[in-house]
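pasted the sequence and its predicted model underneath.
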Amino acid sequence: MSISLKFKHIGSNTVKMLMPIISNQNFLRYLTYLSDDPLAQQTYDRNGQLVNQPDIQDIPINSSILLTPFDPTIITDLQIKVFFYPYSGNLSNFIGTDVYEFIITCPIQFFILQGSGEYRNFLMAYEVAKMIDSKYEVVGVSKIEITNWKIFKASDTSVGLSFLINVNNSTKV
C-alpha cells in the first residue's frame, strides 16, 4: 500500500529555494537600491547625490519579497517587489512536477540601469538562476529547471518579469 505525498513538499520546497536567493547580496542589492549601480558600495543617485549602499542585513520578507501570488494593488512607484509562490502542478505520475512562479516588478524609471543599459529585472533573474537553476541539491528528486519567462505591465508605472521554476517530487511512498 502506498502513501500519498501529494502537496507534502510545496511549502518546504518554497523555503529551500528561497534561502540561497535571499543570501545572495547581489540579488538583495538590486532589490533594495534604486541607483544605476546597485552593486557599488557608494554611488551617485539620479539627482547627483553621493549615496552609501552597504550590504543588506535585514531580509525584506513580507515587505519586498512576498510569498504570495502577484497583487498589482501593492505595487508602488519607488519599490521593487518580488512575488514567489507555488503556481501549479502535475501530480498524476509517481514523480510529479510542481511549478513555482517568480515575479519581479520594478518601477519603469529604474528598469534600465543608466550607463550600462542592463535590465534590472533580468539581472535579478540571473542571480536567482545562479543560485537554483539546474541544481540537484536544493529540492526535489531531480534538478530544478527555470523554464518560461515573460515581461508584462505590472501597473501603470511598473514592469514585471515572470519566470517559472519546475521542481520534480515523489507523489507516493
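Perfect, I can see it now.

this structure: strands as residue ranges?
For the chain, the strands defined by DSSP state E cover 42-44, 50-52, 65-66, 81-90, 95-107, 112-113, 118-119, 145-155, 158-170.

output the contacting helices and strands for the fifth one.
The elements that strand 95-107 packs onto, with contact taken as 3 or more CB pairs under 8 Å, 6 or more residues apart in numbering; DSSP states H and E, are helix 10-22, strand 81-90, helix 120-132, strand 145-155, strand 158-170. For glycine as for every other residue, the C-beta is placed from the backbone atoms N, C-alpha and C.

return the residues in contact with the residue sitting nearest the centre point of the chain.
Centroid-nearest residue in the chain, with CA atoms, centre = their mean: residue 102, separated by 4.8 Å. Residue 102 makes contacts with 82, 83, 84, 125, 128, 162, 163, 164, 165, as judged by CB atoms under 8 Å, 6 or more residues apart in numbering.

specify the beta-bridge partners of the second one.
Okay, so that is residue 83. In this structure, residue 83 bridges to residue 66, residue 103 when assessed by DSSP bridges.

weed out the non-buried ones from the contacts of residue 102.
Buried members of those, counted by 16 or more other CB atoms under 10 Å: 82, 83, 84, 125, 128, 162, 163, 164, 165.

which of those residues lies closest to residue 136?
residue 165 (14.3 Å; CB to CB).

so that closest one versus residue 74, what's the distance?
Going from residue 165 to residue 74 by CB to CB, to the nearest Å gives 22 Å.

same deal with residue 144?
Between residue 144 and residue 74 the computed distance is 27 Å (CB to CB).

likewise residue 53?
25 Å.

these two - which one has more neighbours?
Using other CB atoms under 10 Å as the criterion, residue 53 and residue 74 rank with residue 53 on top: 17 against 13.

distance of that one from residue 101?
Taking CB to CB, one finds residue 53 at 29 Å from residue 101.

kindly report the same for residue 108.
Note on residue 108: its distance to residue 101, by CB to CB, is 21 Å.
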